[in-house]
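here's my sequence, what's the structure:
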Amino acid sequence: MRIYAAASGRAMQGLLLLLLLLGCAQAAASAPPLALTPIKLTPIQVAPQVYYFQGQAGMASVQNKGFMSNAGFVVTRDGVVVFDALATPVLGEAMLKAIAGVTAQPVRRVVVSHYHADHFYGLQAFKLQGAEIWAHGAGKATLMSEFTQTRLAERRASLAPWVDGATRLLAADRWLEFGADKQLKFELGGTRFTLLDVGGAHSPEDLMLYVEDAQVLFAGDLFFTGRIPFVGEADSKAWLQALARFPAAPKVVIPGHGPASSKPQADLALTTSYLLYLREQMGRAVADMQTFDEAYQQVDWSRFEQYPAFKEANRINAYGTYLLLERESLGK
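I've put the predicted structure just below:
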């Protein structure tokens, strides 16, 4: 049996853990101490009462202070609903200050799109202000996983002092369960919302939030504009199926990374075409019984290599897809 034939999700997770630990050691050895300075965020309005914060392109770094993902909020007459909390407690605090500059209404609820570090480390700032945290029920296992704990150790080194020993990983106050229709509707202050369960695509616990009256969709990391998505060990087949189930004709989609999209179907093309290309190329390698290293070197990546995050994410994405397609070929 060739070396990759027995590979599984555990092998992918092991690779990611190794890369994180190596990054942690390098950061601890080379990064100079930094002073913690205030961060000011500027909300971008996309519809009446709907705003978002746009992170910088690329991966989390000391240079961007971890601000490389998006988050947003909706103002209602009875309080504010927030979607995601960004990548550090300091960014969470900056979000609260920016929201207070828009409305005097308190933050009532924070919806977590998924438990990846760049989307929820800011939760503790909101919790201190009394906000209720909602997340997909599958996030409970992700939060308790070895990978999530190892990621925290890595971020305490690579993003110090923005992530430090006082940074805590918060569980949801309400772990959401969904029925067969994979939707959960709620209302706050006369504003109607729909939570969409797309778990198993980018992560086991993916959520999207649709603001019905404004026709704005907070899509989390199922949707990227202007950069390569981080796929890792995600199920790209389920991801593509989830993209096909987007709500009918939202006016604006707020991605997990990149600028808001007012032409969602056109902007879906990058994420969709990249996932399809990964599956096509890695699927061919599996069918031809090539090793991953052989296959990766032979693929022409030129159509994607100019996008932000390609250098950091593409090899990991390809390896995760290779392992996934091996499992699919074995009927697992």
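
just checking, residue 187 is part of a strand?
Yes - assessed with DSSP: H, G, I helix; E, B strand; the rest coil, residue 187 lies in a strand.

what sits against the residue nearest to it when sequence neighbours are not counted?
Residue nearest to residue 187 in three dimensions, not counting chain neighbours: residue 193, with 7.0 Å by C-beta to C-beta, 6 or more residues apart in numbering. Placement of C-beta: from N, CA and C, glycine included. Contact analysis of residue 193 by C-beta atoms under 8 Å, 6 or more residues apart in numbering lists 74, 81, 185, 186, 187, 209, 210, 211, 212.

and which of the residues you listed is nearest to residue 309?
For the contacts of residue 193, the minimum distance to residue 309 (C-beta to C-beta) is 23.7 Å, reached by residue 209.

quick one: average confidence on stretch 252-269?
In this model, stretch 252-269 has a mean pLDDT of 89.

and for stretch 179-196?
Stretch 179-196 carries an average pLDDT of 96.

three-state assignment of the residue nearest to residue 187?
strand.

again, but for the one 10 residues further on
Reducing the assignment at residue 203 to three states with three-state DSSP gives coil.

same check on residue 247?
Under three-state DSSP, the three-state class of residue 247 is coil.

from the chain's centroid, how far away is stretch 40-52?
Computed by C-alpha atoms, centre = their mean, to the nearest Å, the chain-centroid distance of stretch 40-52 equals 19 Å.

again with stretch 192-200
Distance of stretch 192-200 from its chain centroid, counting by C-alpha atoms, centre = their mean, is 15 Å.

who does the lengthiest strand in the chain pair up with?
Longest strand of the chain, by residue count under DSSP state E: strand 216-224. Looking at strand 216-224 with DSSP bridges, its partner strands are strand 207-211 (antiparallel), strand 252-257 (parallel).

just the mean pLDDT for it, thanks.
93.

before we move on, back to that, now tabulate the strands paired with strand 216-224 in JSON lines and tack on mean neighbour count.
Output for those, formatted as JSON lines (neighbours: other C-beta atoms under 10 Å):
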{"stretch": "strand 207-211", "mean neighbour count": "25"}
{"stretch": "strand 252-257", "mean neighbour count": "26"}
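
so for residue 299, which of those strands sits nearest?
The nearest among these, by C-beta to C-beta, is strand 252-257 at 23.3 Å.

continuing past that closest one, what's the next helix or strand?
Note on strand 252-257: by DSSP states H and E, the next helix or strand toward the C-terminus is helix 264-287.

right, and the helix or strand after that following helix?
Per DSSP H and E, helix 264-287 leads on to helix 292-298 as the next helix or strand towards the C-terminus.

that next one - contacts with which helices or strands?
helix 264-287, helix 310-329 (3 or more C-beta pairs under 8 Å, 6 or more residues apart in numbering; DSSP states H and E).

what's near enough to touch residue 279?
236, 237, 321, 325.

make TSV out of those and add distance to residue 277.
Output for the contacts of residue 279, formatted as TSV (distance: C-beta to C-beta, whole Å):
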residue	distance to residue 277
236	10
237	14
321	10
325	13
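
residues near residue 293, how many?
12 (other C-beta atoms under 10 Å).

begin at 341, not 1, for the rest of this chat.
With 341 as the first residue, the last one maps to residue 633.

let's have the helices and strands packed on helix 632-638 in a markdown table, adding distance to residue 438.
Formatted as a markdown table, the helices and strands packed on helix 632-638 follow (distance: least, C-beta to C-beta, whole Å):
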| stretch | distance to residue 438 |
| --- | --- |
| helix 604-627 | 25 |
| helix 650-669 | 28 |
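
that older thread, nearest to residue 455, of the contacts of residue 619?
Set against residue 455, the nearest of the contacts of residue 619 by C-beta to C-beta is residue 576 (19.4 Å).

got any ranges where this structure has weak pLDDT?
When residues are selected by pLDDT under 70, those of the chain lie in 341-376, 672.

how about 80 then?
Residues of the chain that meet the criterion pLDDT under 80 lie in 341-378, 585-589, 606, 672.

what residue is smack in the middle of it?
The C-alpha lying nearest the average C-alpha coordinate of the chain belongs to residue 561 (C-alpha atoms, centre = their mean; 4.1 Å).
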